[in-house]
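Trainee: For reference, the sequence and a predicted model appear below.
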2 protein chains.
Amino acid sequence: MNKIVLHNYYRSSTSYRVRIALEMKGLDYTYVPHHLRHGEHHEPSYLAVNPQGFVPALIWSDGTLLVQSLAIIEFLDESVPEPPLLPTDPAGRARVRMIAQMIACDIHPINNLRILTSLRTLFGASDDDVANWFRHWVNETFQPLEKILSESKETGKFCHGDTPGLADICLAAQVVNNTRYNFDMEPYPTIARIHDACMALPAFIKAAPKNQPDAE
Amino acid sequence: MNKIVLHNYYRSSTSYRVRIALEMKGLDYTYVPHHLRHGEHHEPSYLAVNPQGFVPALIWSDGTLLVQSLAIIEFLDESVPEPPLLPTDPAGRARVRMIAQMIACDIHPINNLRILTSLRTLFGASDDDVANWFRHWVNETFQPLEKILSESKETGKFCHGDTPGLADICLAAQVVNNTRYNFDMEPYPTIARIHDACMALPAFIKAAPKNQPDAE
């Protein structure tokens, strides 16, 4: 068995999600950075690894290539069961996946670097336009997410009960990413509380962008 | 046990995904349409059902609310095991989820109605700008997806082997959605072949947008 390899970038929030899961599972891995703002993920050597040219990509110990952060995390959870990142009941699993996908589908893809760059090049968006765009789509999802989390009896110290899992991984990585655009967390006390609970855990701290070898 | 209720819209490709899964599992359901272009999903009565105001939302027979199409489909697969929509091995499951998420995270959220409307209102995008935006982001993902599908020995009649599943559901719904923008499928023979194989199946036909009660 070879060592696990993670192709990633310190500031990518999808990379951060996978790093948290690896730390929670206690898995050691080789960190391979790709500087997104320098376009290193578009180099032929990396496209040979991941044709989509995105980070993160994880090479499992048997050589299997895994891409798409939620697919990678579910693979880790199925391959290394402890500690579990999803509950065992289908309704609970659906609720955790719902929260994860509200962030992974409805916030992140609209606000990532390739989209923000396109707004500038195609429509002449200014720095303010880009910041407003970013904050708008976070608010559009954080408003219902705050409502869901604050009103549900299934919410505990974390998104689903009192142990951290897939939903918390996505939530924490998004809240950290938001700080780049001076995002106001005041309307979201439940999300902020869960983020704080996550950031008290060693796995979330060790995996944080600022603690990576390529952090600037 | 009550009858399953699906809140949806005939032309929403995420609604189409869930309808296909319901048909494949042989589940009868009550169809509740919400006309997205008339803003019916933003009405208080619907926000009381789903705070995010999105379709699809599924009310399971025990009253459980399920939202986010991939979370709903995995719930259906865990609750009604036959026919399975995911393989049993973790690597196969990760591959199917990867393909599904390439579409569900990297194409659909960027091209849905709320984003296209924002491009018009915020940046004055024309009909041509919107069509080019839509096609650009489909191409950005379809290029690596075609490469992955055409080069992998795990691709069969469908995305993963010779039985349809979660990845095919997302692929077929996206290809159908693309037709609204005169999308050229010529560069994507493997994706086109898999779409054709899907569209020969009763579940995909019965769930198709044009065959829904609210189709215009």
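Mentor: Done, it's in.
Trainee: where's residue A:109 relative to residue B:94, distance?
Mentor: In this view, residue A:109 and residue B:94 are 19 Å apart by Cβ to Cβ, to the nearest Å. Bear in mind the C-beta positions are built from the backbone N, C-alpha and C, glycine included.
Trainee: between these two, who's got more neighbours?
Mentor: Taking neighbours as other Cβ atoms under 10 Å in any protein chain shown, residue A:109 and residue B:94 compare with residue B:94 leading, 27 against 23.
Trainee: Now do the contacts for the more buried one.
Mentor: For residue B:94, the set of contacting residues under the criterion of Cβ atoms under 8 Å, 6 or more residues apart in numbering or on different chains consists of A:64, A:66, A:71, A:72, A:74, A:75.
Trainee: can you give me the helices in chain A?
Mentor: Under the criterion DSSP state H, chain A contains helices at A:13-24, A:44-47, A:69-79, A:90-106, A:108-111, A:113-123, A:127-151, A:166-178, A:189-198, A:202-206.
Trainee: Quick one: closest of those to residue B:215.
Mentor: The closest of the helices of chain A to residue B:215 is helix A:90-106. By Cβ to Cβ, the value is 25.1 Å.
Trainee: Tell me what angle that closest one forms with helix A:69-79.
Mentor: If you take axes from the mean of the first three to the mean of the last three Cα atoms, to 10 degrees, helix A:90-106 sits at 150 degrees to helix A:69-79.
Trainee: So for helix A:90-106, what gets flagged as buried?
Mentor: Counting neighbours by 16 or more other Cβ atoms under 10 Å in any protein chain shown, one finds that the buried residues in helix A:90-106 are A:90-91, A:93-106.
Trainee: Just want the angle from it to helix A:166-178.
Mentor: Our comparison of helix A:90-106 with helix A:166-178, counting by the same axes, to 10 degrees, yields an angle of 20 degrees.
Trainee: Now the residue in chain A sticking out farthest from the centre: closest residue in space, sequence neighbours ignored.
Mentor: Here chain A has its C-alpha centre computed as a mean, and the residue farthest from that point, by Cα atoms, centre = their mean, is residue A:124 with 28.4 Å. Nearest-residue entry for residue A:124: residue B:123, 7.8 Å, with adjacent residues in sequence omitted and distances by Cβ to Cβ, 6 or more residues apart in numbering or on different chains.
Trainee: From what I see, the one you found and residue A:123 are in contact.
Mentor: Yes: at 3.7 Å, residue B:123 counts as touching residue A:123 under the criterion of Cβ atoms under 8 Å.
Trainee: Contacts made by the worst-scoring helix or strand of chain A on mean pLDDT with the rest, please.
Mentor: Within chain A, confidence by mean pLDDT, DSSP states H and E is lowest for helix A:44-47 among all helices and strands, at a mean of 90. The set of residues that contact helix A:44-47 without belonging to it, under Cβ under 8 Å, 6+ apart, is A:7, A:34, A:40, A:53.
Trainee: Rebuild those residues as a markdown table, extending it with pLDDT and distance to residue A:82.
Mentor: Output for the contacts of helix A:44-47, formatted as a markdown table (pLDDT from 0 to 100; distance: Cβ to Cβ, whole Å):
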| residue | pLDDT | distance to residue A:82 |
| --- | --- | --- |
| A:7 | 96 | 26 |
| A:34 | 92 | 30 |
| A:40 | 75 | 35 |
| A:53 | 90 | 33 |
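Trainee: just those residues now: which is nearest chain B?
Mentor: Distance to chain B, by Cβ to the nearest Cβ, is smallest for residue A:53 among the contacts of helix A:44-47, at 7.2 Å.
Trainee: and that closest one, how many residues sit next to it?
Mentor: 21.
Trainee: Same check on residue A:11?
Mentor: Residue A:11 has 20 neighbours, counted by other Cβ under 10 Å.
Trainee: what's the nearest residue to it once chain neighbours are set aside in contact with, if anything?
Mentor: Counting by Cβ to Cβ, 6+ apart, residue A:11 lies nearest to residue A:209, which is 5.0 Å off, once chain neighbours are set aside. Counting by Cβ under 8 Å, 6+ apart, residue A:209 touches A:10, A:11, A:16, A:176, A:215.
Trainee: out of everything not next to it in sequence, what's closest to residue A:206?
Mentor: On the basis of Cβ to Cβ, 6+ apart, the spatially nearest residue to residue A:206 that is not a chain neighbour turns out to be residue A:23, at 5.2 Å.
Trainee: my guess is that neighbour contacts residue A:208, does it?
Mentor: No: Residue A:23 is beyond contact range of residue A:208, at 10.0 Å (criterion: Cβ under 8 Å).
Trainee: mind giving me the domain split of chain A?
Mentor: Using automatic domain parsing, the domain ranges for chain A come out as A:4-83, A:90-203.
Trainee: Just put these in CSV and tack on distance to residue B:196.
Mentor: Shown next, in CSV, are the domains of chain A (distance: least, Cβ to Cβ, whole Å):
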stretch, distance to residue B:196
domain A:4-83, 23
domain A:90-203, 27
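Trainee: Going by mean pLDDT, which of those comes out lowest?
Mentor: The stretch with the lowest mean pLDDT among these is domain A:4-83, which comes in at a mean of 94.
Trainee: What is the burial count for residue A:192?
Mentor: Residue neighbour count, defined by other Cβ under 10 Å, stands at 14 for residue A:192.
Trainee: Tell me who's in contact with it.
Mentor: Here residue A:192 is in contact with A:175, A:185 (Cβ under 8 Å, 6+ apart).
Trainee: one step back: emit the PyMOL select command for whichever of the contacts of residue A:209 are buried.
Mentor: Selection of the buried residues among the contacts of residue A:209 in PyMOL, burial being defined by 16+ other Cβ under 10 Å:
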select buried, chain A and resi 10+11+16+176
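Trainee: how close does residue A:75 sit to chain B?
Mentor: Taking Cβ to the nearest Cβ, to the nearest Å as the measure, residue A:75 falls 4 Å from chain B.
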